Structure formats: C-alpha cells, structure tokens
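Student: have a look; sequence and predicted model below, questions after that.
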Amino acid sequence: MLVDDIKKRMFAAMKAGKTVEKEILRVCLGEITTAEGRAEGPLSDDDVQGVLRKLVKSNREALSAAETPEARAELQEELDVLQSLLPRALGVDEIVAALEPVAAALRAAPGPGPAMGIAMKHLKSTGAEIESQDVSAAIARIRG
C-alpha cells in the first residue's frame with residue numbers, strides 16, 4: 001500500500017539525514033491519518049493519492065508566493081518528493097494526442113469552459129493521470 005511506502009521512505013530519509021524529505025513525508029502521514037479519522041477507517045491508495053494531490057496543490061501555491069530563494073528551493077524540494085509519490089501525469093503533448101478523438105468537439109465548443117468539460121470527461125474515461133493546467137494548455141493548442 002502507498003501509506004507503507006511513504007513510511008518506509010520517511011525512515012530511509014531519517015537514516016540518510018534528508019531533513020526536508022523526512023518532514024514533508026511526516027506531513028503526508030499526518031494528513032493521511034486525519035483523512036482516515038474522517039473516513040473512520042483506512043484509506044484506499046486512490047484516497048491517499050487524493051490527499052497527496054491536495055498537498056501538491058497547496059505546495060505549488062506556497063511556492064508561487066515564496067519570497068526568498070531559500071524558501072523557494074525548500075518548497076521545490078518538497079514538491080519533488082510529493083510528486084514522486086504520485087503516478088506520472090501525462091504531459092501536454094500526450095494530452096493533445098489523447099484528445100484527438102474529441103478534437104472536433106473541442107474546436108466547436110463555445111468557449112474554454114465547455115471545452116475543458118469535454119476534455120476532462122474524455123480523459124477521465126481513459127483513466128489517465130492529468131494536471132488541469134496541462135489540459136488547459138493542450139486545449140489551447142488544439143483550438144488554435
């Protein structure tokens with residue numbers, strides 16, 4: 001299970017003296033424990049990935065607001081650790097290729113919002129791991 005992998009990585013980071021990695025993994029485990037308390041039981045790997053995605057999102061927001069180079073470097077290191085725990089998301093080029101079957105519908109959509117809805121529905125049906133900003137970039141490329 002993913003939680004066990006996170007625990008193993010945290011202990012390995014402790015032994016290796018990787019403070020930033022150890023601390024962000026500790027935060028992950030705390031968030032997972034909180035979510036398990038709300039769910040009144042252990043989380044599935046998909047639920048754990050959802051918790052990790054929320055942490056990635058908040059880390060990205062903090063990274064964009066960071067003022068000092070040291071803070072940015074630490075937040076980037078944390079972000080790298082968090083992203084390594086999640087399945088690799090498709091890149092923009094891969095998303096463009098995956099959206100080829102619905103490209104005509106994307107071009108015909110009245111605006112970017114409806115186009116995003118079409119794209120997300122199609123991509124979710126394929127089970128692809130995606131980042132919404134990459135989907136937006138792919139839609140912009142398809143719509144010209």
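Tutor: Cool, got the structure.

Student: so V135 touches I118, yeah?
Tutor: No. The pair V135 / I118 is not scored as a contact, 10.5 Å apart, by Cβ atoms under 8 Å. C-betas here are computed from N, CA, C, even on glycine.

Student: which one's more surrounded, the two?
Tutor: Counted by other Cβ atoms under 10 Å, V135 and I118 do not tie: V135 has more neighbours, with 23 against 17.

Student: which element is that one on?
Tutor: helix 132-143 (DSSP states H and E).

Student: what packs against that helix?
Tutor: Helix 132-143 sits against helix 92-98, helix 103-108, helix 112-126, with contacts defined as 3 or more Cβ pairs under 8 Å, 6 or more residues apart in numbering; DSSP states H and E.

Student: report all helices and strands that the shortest one contacts.
Tutor: I take that to be helix 103-108. For helix 103-108, the packing partners by 3+ Cβ pairs under 8 Å, 6+ apart come out as helix 112-126, helix 132-143.

Student: and the angle for the last one with helix 112-126?
Tutor: Interaxial angle, helix 132-143 versus helix 112-126 (axes from the mean of the first three to the mean of the last three Cα atoms, to 10 degrees): 110 degrees.

Student: give the contact list for the residue nearest the centre of the chain.
Tutor: Centroid-nearest residue in the chain: R53, 4.2 Å away (criterion: Cα atoms, centre = their mean). R53 makes contact with L86, according to Cβ atoms under 8 Å, 6 or more residues apart in numbering.

Student: right, I'll call it a day here.
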